[in-house]
Every structure is written in C-alpha cells, then in structure tokens.
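*Asks:* kindly generate the corresponding structure for this input.
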Amino acid sequence: MNRITINNERKVNLLSLLLESNAYINSPCMGTGVCGKCRVKTLSGEYSPVCDAEKAFLTDVEIAEGWRLACMTDAFSDVDVLIPDSEKAHPILSSGHLPDFEHEYREGYGAAIDIGTTTVVCSVVNLTNGEIIASASDINAQKIYGLDVLTRITYEYEQGEKAITDLRHAIVTSLDNMLNSLCSSHNIDKNAVRTIMVSANCTMAHMLLGVDARSLGKSPYKPVFLDEQTVKASCLGFGFDNADLVTLPQVSAYIGADIVAGAFVTDLKNEKGNVLFIDIGTNGEIILAKNGTLLSCSCAAGPALEGMNISCGMRAAEGAVEDIEITPDGVKLAVIGNISPKGLCGSGILAAVRELVKHGFVKKSGVFIKPESLDEGDWRRDILKLDGKKRYADLGDGIIITQDDIRQVQLAKGAILSGFNVLLSKAGITADDLDKVIIAGQFGSHLPVSSLIGIGLLPESVENKLIYVGNSSLSGAYMALMSGKIQAEMSDLARHIDYFELAETENYELIFASSMAF
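*Replies:* Residues are numbered from 1 along each chain as shown. Below you'll find the predicted structure:
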C-alpha cells in the first residue's frame, strides 16, 4: 500500500485530485465508473456519501473498512488514503527474434526502446560493439490517463493542451528514470548516450513527442506525421543532453512503427507464399504478405486480453494466474511467482475461457449454461454458481469468471478474428492457403497455441503454422539503432505497406458478429 496525503480546501473528485498529485492509481476506465478498479482506503478526511453505483463494486465490509472508488468519491478536505500497489512490479521482459545484420559501430552508447500502449521496454546498447548491456520493462506511465489509446485521445479532447503536456510528461519521465537507472547501475556516463531509438505505435509516438493526437481519434484518422522524426532528447524533458531521440516511421494511424519494425525483422517483403504477421495486444495489428505484397489492417481488441476490464483482472505480475486447467478432480491454477493468486492476467483469462468452453460451461454464443440444467452428480455444479440471476464460474482462491468477463473476451476475439478473415478475403485466399502465421508482441508471446485455437481467436487450420517471434518491435529498434542503412530501409518498407480500414468493409458488422462465436 502507498499512503498519500494531500492538502485540499475545495470540493473535488478524489480520482482527479490523486492524478493531479501524480499519485499512482489503477484507473483503466479513466473515471467513467465502469471498471471498479480505482479502489482507495480512506484513512481521514471528509468525503461524499457512498453512492449506489459504488455499492455494485464494494462489499458492506469493505465500505465499513473505508474502501471507496476514487472516481465516484468527492473530497471536501485534506485527504489521507492508502492506494494498493500490487501492480507496480512488472517483471515481464520477452526478448524478440533478431536476425543477422551488418552493424555500423561508432563511439558512445544508445538506447533501443519499444513503447506499447500497455508496456514499455528499454535496452541500453554499447555502440562500439553492439552489445546489449542491460534491459528493463515497466508499465506505460500513461495508464493513469486510460488503458487504451482511444481513452488517452479522449483525455486530449477533454483537457486540450494540458492533456498533451500530461501525456508527454508521463512517458518521458518514466523513460528518463528507466534509462538513468540502467546507466547508473552499469557505470555509464549519461553524457555518452548518443541516440535513443524508439519504436512505438502511432498514438504513442505522437504523445511522446508532445504532438496533438486528437486527429487519430476521429475519421479520417489522419496522423500529424508518419515519417521518422528526430529531436533532441533534452527538448522533450530527458536528462540526456547529448542524445538525439528518433521515432521510427509509421504506415497509418493504427499501423505504427512497432508493426513496421516487426515486418522488417521478420523480412515479410521477401517471404515466399502467404505469410500472416499478427501483433496481439490492446490493439491487434495484422499484415498479410502475399508473395511480397503487403496488406495491413488494425482492430481494437481492447484491454481484456491483457487482464483489464475483467472482474478479477490484473497485469502479468507476481500473483497473476497465467494458466488454468479444469478437470473433474478440480481446478489447477498456475500462478506467476508460485504464490497465492491475486487475479487473472491476459493469458489466464484466455485459459479460463478456453477451459469453460471446452467443458461445456459456456455455449458457443458465449452464454453460461444454466446451473439447474446440470444433473445432480455433475462435477461442474461445484464450479458453476448462481448469484441472484447472475451466473459465474468459481475457480477457487477468490478467482471468478463472470458473464461480463466472457463478453469482454468475445469482443476481443471477434475483433481479431474478423480482421484476420477480412484481410484474407481481400487477398483472395483462405486460412488453408497460409504457409505461416507469425505471432509477435510481448503479450502474444505468452499465449499458448491451446488458448489461441481453443477459444477460436485463430482458426484450427493454422494450429501447426504458428511461429512466435517475441518483441519484434524492440528488435527492430535495436537494428535501426545499430544501422543507418536499416533505418532507411524501414522508411522505405513503411511506404510499401498498404492499409485499409476494417470498419469500412461491406457487411463488417455481420463478419464481426460471426467471429465472436466460440
């Protein structure tokens, strides 16, 4: 728990007050009151009464102990609260596929950075020999302004220049601290850092540079820039006075440099046959390489696949359930850190849904079966529960799956699978015609084939064609850092990736709806 004390002499929303004070608080829905995650324990102060909407998320015991939802609470005085800090630890750091290439060595040090909507990863590199000296990963500090890009863009619509400054400051400060820590722990003079190479999605690149991203949130979704950008890092607020910061090129508002980097690392343009590249995360970006012709689209999967908007959801940190097996003999939970479970991360929620579908708890439509429909001796009666009229699965140790959770996973599955199918249709091929399916991204690398196929997120016909390449965005940033020639080739590649808006596809609503079925 983090104890936060703030002087206050006005009536103000508690979540807004905490954010103004740079307090670290989990608020996935950015104060819209739908996630129930911004819990704080009030120690002292005057607050508005508990409302009915809060009672939907808090038990009577929790309310009696002083627990509140910050977004639904107004403060009238100085506040003294405790904020849970269980998600601060973020140990995930997956390496990516790195092909052989010709390095261009030079003096000094550099940094290769991947900025995802959810996670940032940074590697410090010795430019004289290409050695990756150290790496670190952390939660994207912009999460306090929303878990997905559209919520953060909405913040810019609501707060204008203040929001643009807030978002830039959040990511720059966290990256600066990460780089400083890595340099300090390895006795690297920060003045010797020459280049900071950044691979990011288009929205993150805009927000890193302090560029207005509001045009990315409405049709025609036109970015302020797509080309590679170079600025002095110090002008953005970094404490590395001799470093240039470079952002790699984008294709469109929703096919960013992270995907360009992945396409380069996997050499898509030179692949023979039909190869599908998919980065699974908060957004699902897909590129189809058909004998060297590259066609792409993007789908908004939402944060559910990363454990957010889920009743027991959390990030992949210690205590997160990452895999589940349901059998007649009971439920087995695989927990990160081998400690008592605290919640479900993205791979855990997919595994849970996979098992519930497999054993007939959930229909193809995504609806729980009725508990009363089960025979008296059916072992599933120990798991499938009824709370009033609401059905849920009790997996033990406080881990439950609700009907709303199933729906969130369905929406994400529908988005990705519909993008997959529409892209193939536009190219005039089927899933059977694919030679390879490349799964990229830090999150995607943690999704086993059994979950991807088990819930139908990808069709069964590609089960034996999957290749995992890990964080190809970071690998691409490293390659660009170590080769000016590769930087130029990435810019050329970006111009040769065609893009189409998925939502503009004829009958897309019907395609999406059919893709949601398990």
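*Asks:* return the set of buried residues in the worst-scoring helix or strand of the chain on mean pLDDT.
*Replies:* None of the helices or strands of the chain scores lower by mean pLDDT, DSSP states H and E than helix 14-20, at a mean of 82. Buried residues in helix 14-20, counted by 16 or more other C-beta atoms under 10 Å: 14, 15, 17, 18, 19. For every residue, glycine as well, the C-beta is placed using N, CA and C.
*Asks:* what's the answer for stretch 222-231, then?
*Replies:* 223, 226, 228, 229, 231.
*Asks:* list just the nearest of these to residue 375.
*Replies:* Nearest to residue 375 out of the buried residues of stretch 222-231 is residue 223 (C-beta to C-beta; 57.7 Å).
*Asks:* what about that closest one, which helix or strand?
*Replies:* In the assignment (DSSP states H and E), residue 223 maps to no helix and no strand.
*Asks:* thinking it is in contact with residue 253, fair?
*Replies:* Yes: using C-beta atoms under 8 Å, residue 223 is in contact with residue 253, at 5.3 Å.
*Asks:* and for these two, which residues touch both?
*Replies:* Counting by C-beta atoms under 8 Å, 6 or more residues apart in numbering, the contacts common to residue 223 and residue 253 are 202, 216.
*Asks:* what about the helices in the stretch 301-450 of the chain?
*Replies:* 346-358, 403-427, 449-454 (DSSP state H, counting those that start in this stretch).
*Asks:* just say which of these is most tucked in.
*Replies:* helix 346-358 (a mean of 26; mean count of other C-beta atoms under 10 Å).
*Asks:* next, format the helices of the stretch 301-450 of the chain as CSV and append mean pLDDT and distance to residue 390.
*Replies:* Listed next are those as CSV, based on pLDDT from 0 to 100; distance: least, C-beta to C-beta, whole Å:
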stretch, mean pLDDT, distance to residue 390
helix 346-358, 94, 15
helix 403-427, 94, 7
helix 449-454, 92, 25
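*Asks:* a markdown table for the ones you listed, including distance to residue 441?
*Replies:* Supplementary listing: the helices of the stretch 301-450 of the chain in a markdown table, determined by distance: least, C-beta to C-beta, whole Å:
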| stretch | distance to residue 441 |
| --- | --- |
| helix 346-358 | 11 |
| helix 403-427 | 12 |
| helix 449-454 | 13 |
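*Asks:* residue 495 is nearest to which of those helices?
*Replies:* helix 403-427 (19.6 Å).
*Asks:* ok, residue 8 - contacts?
*Replies:* Contacts of residue 8 by C-beta under 8 Å, 6+ apart are 17, 45, 75, 77, 78, 79.
*Asks:* ugh, wrong one, residue 174
*Replies:* 120, 138, 140, 141.
*Asks:* is it true that residue 445 touches residue 439?
*Replies:* Yes: using C-beta under 8 Å, residue 445 is in contact with residue 439, at 7.1 Å.
*Asks:* and residue 5, how many neighbours does it have?
*Replies:* The local packing of residue 5 (other C-beta atoms under 10 Å) involves 13 other residues.
*Asks:* circling back: wait, which of the buried residues of helix 14-20 is closest to residue 412?
*Replies:* For those, the nearest to residue 412 is residue 15 (25.8 Å; C-beta to C-beta).
*Asks:* so which of the helices of the stretch 301-450 of the chain gets nearest residue 33?
*Replies:* Nearest of these (C-beta to C-beta): helix 403-427, 14.4 Å.
*Asks:* any idea how far residue 518 is from residue 457?
*Replies:* Using C-beta to C-beta, to the nearest Å, residue 457 is found at 10 Å from residue 518.
*Asks:* need the residues touching each of the two.
*Replies:* residue 413.
*Asks:* so the two - more neighbours on which side?
*Replies:* More crowded of residue 457 and residue 518, by other C-beta under 10 Å: residue 457, with 27 against 20.
*Asks:* gap between the residue nearest to the more buried one when sequence neighbours are not counted and residue 467?
*Replies:* Spatial nearest neighbour of residue 457, excluding adjacent residues (C-beta to C-beta, 6 or more residues apart in numbering): residue 413 at 4.9 Å. For residue 413, the distance to residue 467 equals 21 Å [C-beta to C-beta].
*Asks:* list the buried ones in stretch 153-161?
*Replies:* 153, 154, 155, 156.
*Asks:* can you list contacts of that stretch?
*Replies:* 30, 145-146, 163-164, 166-167, 203, 212-214, 216-217.
*Asks:* ok now the least confident helix or strand of the chain, how far from the chain's centre?
*Replies:* 23 Å (C-alpha atoms, centre = their mean, to the nearest Å).
*Asks:* oh, and call the first residue 10 from now on, that's how I've got it
*Replies:* Noted, 10 is the first residue going forward, which turns the last one into helix 23-29.
*Asks:* who touches that helix?
*Replies:* Residues contacting helix 23-29 (C-beta under 8 Å, 6+ apart): 13, 15, 17, 34, 36, 40, 47, 49, 56, 77, 79-80, 82-84, 88, 90, 92, 153-154.
*Asks:* rounded mean pLDDT for the helix or strand following it, please.
*Replies:* Under the assignment DSSP H and E, the closest C-terminal helix or strand after helix 23-29 is strand 48-53. Averaged across strand 48-53, pLDDT comes to 92.
*Asks:* in strand 48-53, what counts as buried?
*Replies:* Across strand 48-53, burial judged by 16+ other C-beta under 10 Å covers 48, 49, 50, 51.
*Asks:* would you format these as CSV with distance to residue 319 included?
*Replies:* Shown next, in CSV, are these (distance: C-beta to C-beta, whole Å):
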residue, distance to residue 319
48, 15
49, 20
50, 22
51, 26
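*Asks:* test my guess that residue 156 contacts residue 128.
*Replies:* No: between residue 156 and residue 128 there is no contact under C-beta under 8 Å: 11.6 Å.
*Asks:* what pLDDT does residue 453 get?
*Replies:* So, for residue 453, pLDDT stands at 72.
*Asks:* look at it and say how many residues are nearby.
*Replies:* By other C-beta under 10 Å, 25 other residues sit near residue 453.
*Asks:* what of residue 381?
*Replies:* 8.
*Asks:* what's the spacing between the residue in the chain sticking out farthest from the centre and residue 338?
*Replies:* For the chain, the largest distance from the centre (C-alpha atoms, centre = their mean) belongs to residue 385, which lies 42.0 Å off. Separation of residue 385 from residue 338 (C-beta to C-beta) stands at 18 Å.
*Asks:* buried residues, stretch 478-493. List them.
*Replies:* Buried-residue list, stretch 478-493, by 16+ other C-beta under 10 Å: 478-492.
*Asks:* actually, stretch 367-386.
*Replies:* So, applying 16+ other C-beta under 10 Å, buried residues of stretch 367-386: 368, 370, 371, 375, 377, 380.
*Asks:* and the contacts of that stretch?
*Replies:* By C-beta under 8 Å, 6+ apart, stretch 367-386 touches 335, 362, 365-366, 389-390, 392-395, 400-402, 412, 415-416, 419, 463, 525-527.
*Asks:* again with stretch 66-82
*Replies:* In contact with stretch 66-82 (C-beta under 8 Å, 6+ apart) are residues 22-24, 27, 34, 36, 38, 40-42, 45, 47-52, 56-57, 59-60, 62-64.
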